Each structure stands twice: as structure tokens, then as C-alpha cells.
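Chemist: need a structure here:
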Amino acid sequence: MTQILKGKDVADAMMEGMKRDTEALKSRGIVPALGIIRLGEREDDISYEKGAKKRCDAAGVAVKNYVLPADTSQEALLEVIRGINGDPRIHGVLLFRPLPGHINDRIVRGSLLPAKDIDGITDGSLAGVFTGTSQGFPPCTAEACMEILAHYGIDPGGKRVTVVGRSLVIGRPVAMMLMHKNATVTICHTKTRDLPAVVREGDIVIVAAGKPESIGREYFREGQVVIDVGIHVKAEGGMCGDVKFAEAEGLVAAITPVPGGVGTVTTGVSVRHVIEAAKAAADEL
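Modeler: Take a look at the predicted model:
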């Protein structure tokens with residue numbers, strides 16, 4: 001029987017610790033605060049923003065929204081980021097991407113202080129992931145995968161882990177985090193030969209292919225743990241992941257659902273990063 005690795009159980013456990021940390025900070029006169037920067041009115045950004053605010057409210061974290069028109073100039077956006085960098089009342093920043101085409105993503109990312117980059121988008125934050133140091137924060141979704149494994153007692157140490165996807169948002173950072181936990185990691189991508197055979201070799205499989213229901217039964221075997229990072233809206237309504245859930249369930253040992261899996265934990269990780277950033281700033285006072 002396949003175990004369903006529900007994200008809600010993980011997020012609820014995280015919330016207990018976050019509330020304690022927030023209360024401790026408030027006793028010192030410090031209110032952890034998240035700044036959310038959004039350009040335009042993309043529905044997926046607005047939906048995530050609402051979810052983040054709800055989770056922040058539950059944890060006692062304040063939220064300040066910076067909503068800008070989609071045609072905002074690059075300099076105007078940089079001015080907002082510089083203001084947040086210099087504002088000690090804002091401890092973490094969530095910048096929705098992709099940015100509009102007229103804005104240079106690299107320049108904008110580079111303008112944000114790694115200490116306030118709670119979603120691991122700056123080069124400094126990613127350097128911390130790759131070197132195993134505490135500089136900045138790892139991407140929230142990558143850390144959410146690790147959080148799920150830890151919560152359910154799935155130790156990647158000594159195991160073979162297959163990561164499907166090589167982006168800097170998920171694939172490469174989660175591979176580095178797994179190696180720091182002594183896993184043997186294989187990163188797959190669109191040029192990997194006989195991809196199903198390579199995926200079947202993994203004891204743990206992290207799927208971040210970015211294509212809805214593209215990974216089916218032929219990719220799996222008994223005993224595997226599958227973390228499905230994908231989240232997509234079906235044409236007929238409803239949501240799905242990168243994995244054909246119905247084909248994997250009943251075969252693999254454990255799998256995350258979509259919805260209700262990695263995405264649920266990702267929001268919690270982002271809030272925890274804000275609290276950790278506030279603690280670090282308080283320790284510097």
C-alpha cells in the first residue's frame with residue numbers, strides 16, 4: 001500500500017515551532033515582517049500571495065505588499081528593492097517571477113540582499129546552498145522537499161536519489177541539499193538517454209520536470225519514494241503534478257499528492273525563512 005505524504009501534516013508541525021519563535025521575538029520588541037513584491041495581476045501570483053499572507057498571519061508574521069504595475073520600469077523596481085534593503089522593519093522579501101520581459105532578471109536579483117532573500121533567488125543565496133554554508137536561504141520549494149523527507153523519517157543518507165529537472169529553482173539546489181545529507185544523486189533532464197530506466201534506479205525520486213503528468217508507471221518500481229514538485233491546472237479543471245499519480249499509487253512505497261503536497265510545505269518554509277531572517281537581524285543588534 002502506498003503511503004501518501006501529505007503536506008498539511010508537515011506544515012502543521014512547522015507552524016508550532018514558528019509560533020514559538022515569533023512569540024520569543026515579539027517579547028524582544030521585534031515583529032518578523034515579509035515584504036511581497038508583485039508586478040501586475042497574474043492570477044497564480046495573487047493566489048500564492050494570498051496563501052503566503054494566510055500562513056504569515058497564522059504564524060504572527062507581518063506582511064507588507066508592494067504591488068506595482070506590470071509596465072513598471074526597471075529603475076522603479078530597483079528603487080523599491082533598495083528601500084526594502086535599507087528598511088530594518090522588513091526582514092524577508094518575496095519577489096514574484098518571472099518578471100516582465102522589459103526587466104533584466106539578473107540585475108534585479110543581484111540588487112536584493114541575500115540576508116533578506118527568503119526564496120533563494122540571489123547568487124549569494126545559491127552559493128550558500130552549493131557550499132553548504134548559512135549564507136542566505138535555499139529556494140523554498142527545494143527546502144520543502146527536504147522538509148517532507150525529514151518529517152516522514154525518510155533519510156536520504158546512503159540512498160540513490162534521482163532528480164528529474166536541472167533548474168536553479170528546484171533541480172540543482174535540491175540535489176546539493178541531498179548530497180549534504182550524504183545521498184548519491186543523479187540529475188536527469190531532457191537530454192538523458194532512457195530516462196525511465198534512470199529514474200527507476202532511484203530509491204528516492206524528486207520530480208521537477210515542469211510538464212503535467214509526463215512521468216508515468218514505466219518510470220517507477222516498487223519501494224520508491226516519490227516527491228512530485230509539479231503543479232499544473234488541467235484544461236478540464238482541477239490540478240495535477242508532473243507524475244501520473246494514479247499510475248504511481250499502488251506501485252511506489254510513498255508519494256506526495258498534488259495538490260496538498262510540496263506546495264503546502266513551500267509556503268510554510270517561506271514564512272519560516274522570514275522568522276529566521278528576523279532572528280539573525282536581532283542577533284546583530
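Chemist: now D71: how far from T184?
Modeler: Using CB to CB, to the nearest Å, D71 is found at 48 Å from T184. Any C-beta I mention is one placed from the backbone N, CA and C, and that applies to glycine too.
Chemist: Pick out whichever of those two has more residues nearby.
Modeler: T184 (15 against 11; other CB atoms under 10 Å).
Chemist: Hmm, that one is touching G157, no?
Modeler: No - counting by CB atoms under 8 Å, T184 does not reach G157; the two are 9.8 Å apart.
Chemist: any idea where the helices of this structure begin and end?
Modeler: Counting by DSSP state H, the chain has these helices, from start to end: 7-26, 43-59, 74-85, 105-111, 123-131, 140-151, 171-180, 195-200, 245-248, 262-283.
Chemist: What is the neighbour count of P257?
Modeler: 18.
Chemist: Tabulate the helices of the chain (CSV), appending mean pLDDT, mean neighbour count and distance to C188.
Modeler: CSV is the format used below for the helices of the chain (pLDDT from 0 to 100; neighbours: other CB atoms under 10 Å; distance: least, CB to CB, whole Å):
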stretch, mean pLDDT, mean neighbour count, distance to C188
helix 7-26, 96, 17, 24
helix 43-59, 90, 16, 26
helix 74-85, 97, 16, 35
helix 105-111, 95, 15, 25
helix 123-131, 90, 18, 19
helix 140-151, 97, 24, 15
helix 171-180, 97, 21, 9
helix 195-200, 98, 16, 6
helix 245-248, 97, 17, 16
helix 262-283, 94, 23, 18
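Chemist: what's near enough to touch the residue nearest to G136 when sequence neighbours are not counted?
Modeler: Spatial nearest neighbour of G136, excluding adjacent residues (CB to CB, 6 or more residues apart in numbering): S125 at 3.0 Å. S125 makes contacts with 114, 117, 135-139, as judged by CB atoms under 8 Å, 6 or more residues apart in numbering.
Chemist: Check V163 too.
Modeler: So, once contact is read as CB under 8 Å, 6+ apart, V163 ends up touching 171, 174-175, 178, 185-188, 205-206, 208.
Chemist: ok, now with 6 Å
Modeler: 171, 175, 187, 206 (CB atoms under 6 Å, 6 or more residues apart in numbering).
Chemist: what do you get for L5?
Modeler: Residues near L5 by CB under 6 Å, 6+ apart: 148, 152, 254, 256.
Chemist: Ranking by neighbours, what's the top pick from those?
Modeler: T256 (30 neighbours).
Chemist: close enough to count as contact, that one and V225?
Modeler: No - between T256 and V225 there is no contact under CB atoms under 6 Å: 9.2 Å.
Chemist: quick one on the thing from earlier: just the contacts of S125 now: which is nearest I4?
Modeler: Nearest to I4 among the contacts of S125, counting by CB to CB, is P139 at 24.4 Å.
Chemist: Can you tell me the closest non-neighbouring residue to that closest one?
Modeler: In space, and not counting its chain neighbours, P139 is closest to G120: 3.7 Å by CB to CB, 6+ apart.
Chemist: any idea how far L112 is from the one you found?
Modeler: Taken as CB to CB, the span from G120 to L112 is 11 Å.
Chemist: next one: P100
Modeler: 17 Å.
Chemist: This completes my enquiry, with thanks.
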